[in-house]
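Trainee: Structural data only, the sequence is not supplied:
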C-alpha cells in the first residue's frame, strides 16, 4: 500500500485564520487521496469561536484536528509580546504533537509543514523586510515605496506591526522565518494581485522562493452563533428590495466604542439606507478576549434613543453575522468592512462593493490596496486604528460615514 504524505498545518491563532486553513485542507485532500493533513490549532485565551468550526469536524484518515493545550498570558502584556508569549509557549506542544504523529503513523511519511502568517499578506511582509527603512526612519516619512505596490503607500496605512515598537520583535521573527521557507502559499489569485505577484517573482531578494496563489479560499456557508438565527436574518433579507441593503460588519474581533457606534447609527438613519449591522460588544480593556454579542436590552442603551424603533422596517442590528450568506444575498448592495483579508475575498467573490473602515493589523494596508491600488472600493477611512486598550487614533463623524454608505450603494455593479 502506498504511504500517505503527511502535511502538518499550523494556522495562526484566531478564527479567521482557522476557517481559511480548514477550507484549504479540504481542497487538498479532495484533490489528492494520497495526502493526510493534520491541523494544529492554537487557541487564544478565553476564546470559544474556534470550537464552532473544529467540533463539527470528525477526524478521519485524511484530516486530523489537534487542539493544542491552552496557555496563559503574562499580565499587562501588549499584543506583540502577548503573541510572542503564546507562540513561544506552544513550541514544545507543537514538537510533541509532531513527534506523536510520526510515532503513531506507520502508513505515512512526514512531507511538509505549512505555517500560517499572522499579521499581513506574505507578499507585503517580505517586500517590507527587503525594502523598508528602520522604524525611526519610517516614522519620519509620509509614504514609502514597496515593490509589490504600483503606488507609494502612505506610512499610516502600513500594518500596525510595522509602525509600533512593541510589535517589532514579533514582526521581525515572522518576517525572517519566511525567508527560510521553500515556498509561499497565498490566499489570493493572480487576476487580483497580478502586479504584486510579478514584482515578487522578479525581485532579486526573493530568487528561488516560489509563490503559489491558491485563492480565493473561503467558506460560503460558515457556522453561526448569537441571538439572531442566520435563517431569520436571511428571511428578513428576502423581503427587502433587490440591491438596496448595506451590510456593516467589522470582523470576528472588531468592535467600536459607544461614541463611535452612535455616529454610525446617525449616519445610517440620515442615509435612509436599508441595512444589516453586525454590532459587537467591546471586550474588557487590555485583554485578548473576543468581542461578545449585546443583549436586546443592552442594545437599547448603547444606541441612540428610539433608533431601533425608527429603523424597525428598514434595518436589523444583530450580533455575530453569517457574513458570507449576507454578502451572497441579492438584496445586499454594499459592504462597510474592516478590510480583513477573508472579508475582502468574500466581497469580491459575491460582487459586493466595499466601503473601507480598517481597525488594526493588516487592515489599513488592505484598505489602501482596495482604494488606492486596485480602485475597487470607496473610502470611509484608510488609517483608522483601534489599539488593544480600546483607544482609537481619531473620530469619524456621522456625515463622513453617511457619505461612505451612500457612495458604496451607488457603486453597486460598477467596480466589478
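Mentor: All right, it came through fine. Being a predicted model, the structure only gives us computed values, none of them experimental.
Trainee: ok, and the closest non-adjacent residue to the spatially most central residue of the chain?
Mentor: Residue closest to the mean C-alpha point of the chain, counted by C-alpha atoms, centre = their mean, is residue 340 at 3.4 Å. Once flanking residues are discounted, residue 340 sits nearest to residue 251: 4.7 Å by C-beta to C-beta, 6 or more residues apart in numbering. C-beta: built from backbone N, CA, C; applies to glycine.
Trainee: Quick check: the one you found vs residue 361, distance?
Mentor: To residue 361, residue 251 is 10 Å away according to C-beta to C-beta, to the nearest Å.
Trainee: swap in residue 113?
Mentor: 23 Å.
Trainee: So those two - more neighbours on which side?
Mentor: residue 361 (25 against 15; other C-beta atoms under 10 Å).
Trainee: Tell me which helix or strand the more buried one sits in.
Mentor: Under the criterion DSSP states H and E, no helix or strand holds residue 361.
Trainee: you'd agree it is up against residue 163?
Mentor: No. Counting by C-beta atoms under 8 Å, residue 361 stays clear of residue 163, with 11.4 Å between them.
Trainee: Residue 65 falls within a strand, correct?
Mentor: Yes. When DSSP: H, G, I helix; E, B strand; the rest coil is applied, residue 65 is found to be in a strand.
Trainee: count of residues packed around it?
Mentor: Residue 65: 20 neighbours (other C-beta under 10 Å).
Trainee: before we move on, what about residue 281?
Mentor: 14.
Trainee: which residue sits closest to residue 377, ignoring its sequence neighbours?
Mentor: residue 370 (3.7 Å).
Trainee: residue contacts, that neighbour?
Mentor: 339, 344, 354, 356, 376-377 (C-beta atoms under 8 Å, 6 or more residues apart in numbering).
Trainee: what do you get for residue 218?
Mentor: 20, 23, 324, 342, 345-346, 349.
Trainee: Just the buried ones from these?
Mentor: Neighbour counting by 16 or more other C-beta atoms under 10 Å classes 20, 23, 324, 342, 345-346 among the contacts of residue 218 as buried.
Trainee: Show me the shaky parts of the stretch 201-350 of the chain.
Mentor: Within the stretch 201-350 of the chain, the stretches with pLDDT under 70 are 205-207, 220-230, 286, 288.
Trainee: Quick one: the strands in it, in order.
Mentor: With strands called from DSSP state E, counting those that start in this stretch, the stretch 201-350 of the chain shows them at 210-213, 245-249, 274-278, 280-281, 292-293, 315-318, 332-337.
Trainee: right, and the ones you listed - which one's nearest residue 178?
Mentor: strand 210-213 (11.3 Å; C-beta to C-beta).
Trainee: one step back: surely the residue nearest to residue 340 and residue 336 touch.
Mentor: No. Judged on C-beta under 8 Å, residue 251 makes no contact with residue 336 at a distance of 11.6 Å.
Trainee: now the longest helix anywhere in the chain: how far from the chain's centre is it?
Mentor: Counting by DSSP state H, the longest helix found in the chain is helix 79-104. Distance of helix 79-104 from the chain centroid (C-alpha atoms, centre = their mean, to the nearest Å) equals 23 Å.
Trainee: Give me the angle between that helix and strand 63-67.
Mentor: In terms of direction (axes from the mean of the first three to the mean of the last three C-alpha atoms, to 10 degrees), helix 79-104 departs from strand 63-67 by 130 degrees.
Trainee: next structured bit after helix 79-104?
Mentor: Following helix 79-104 in sequence order, the next helix or strand is strand 108-115 (DSSP H and E).
Trainee: what's the average pLDDT for that next one?
Mentor: For strand 108-115, the mean pLDDT works out to 85.
Trainee: Run me through the strand neighbours of that strand, direction for each.
Mentor: strand 4-10 (parallel) (DSSP bridges).
Trainee: Which positions in the strand it pairs with come out as buried?
Mentor: 4, 6-10.
Trainee: Show me which of those is closest to residue 194.
Mentor: Closest to residue 194, out of all of the buried residues of strand 4-10 and judged by C-beta to C-beta, is residue 9, at 26.8 Å.
Trainee: In this structure the closest one contacts residue 38, no?
Mentor: Yes. Residue 9 is within contact range of residue 38, at 7.2 Å (criterion: C-beta under 8 Å).
Trainee: which one of the strands of the stretch 201-350 of the chain is the most hemmed in?
Mentor: Neighbour counts (mean count of other C-beta atoms under 10 Å) averaged over each of these peak at strand 332-337, with a mean of 27.
Trainee: and the angle for that strand with strand 274-278?
Mentor: Angle, strand 332-337 to strand 274-278, by the same axes, to 10 degrees: 40 degrees.
Trainee: Show me what strand 332-337 packs onto, helices and strands only.
Mentor: With contacts defined as 3 or more C-beta pairs under 8 Å, 6 or more residues apart in numbering; DSSP states H and E, strand 332-337 has these neighbours: strand 245-249, helix 341-350, strand 354-356, helix 398-410.
Trainee: how near is residue 365 to residue 392?
Mentor: For residue 365, the distance to residue 392 - C-beta to C-beta - is 18 Å.
Trainee: ignore the last one, residue 159
Mentor: 17 Å.
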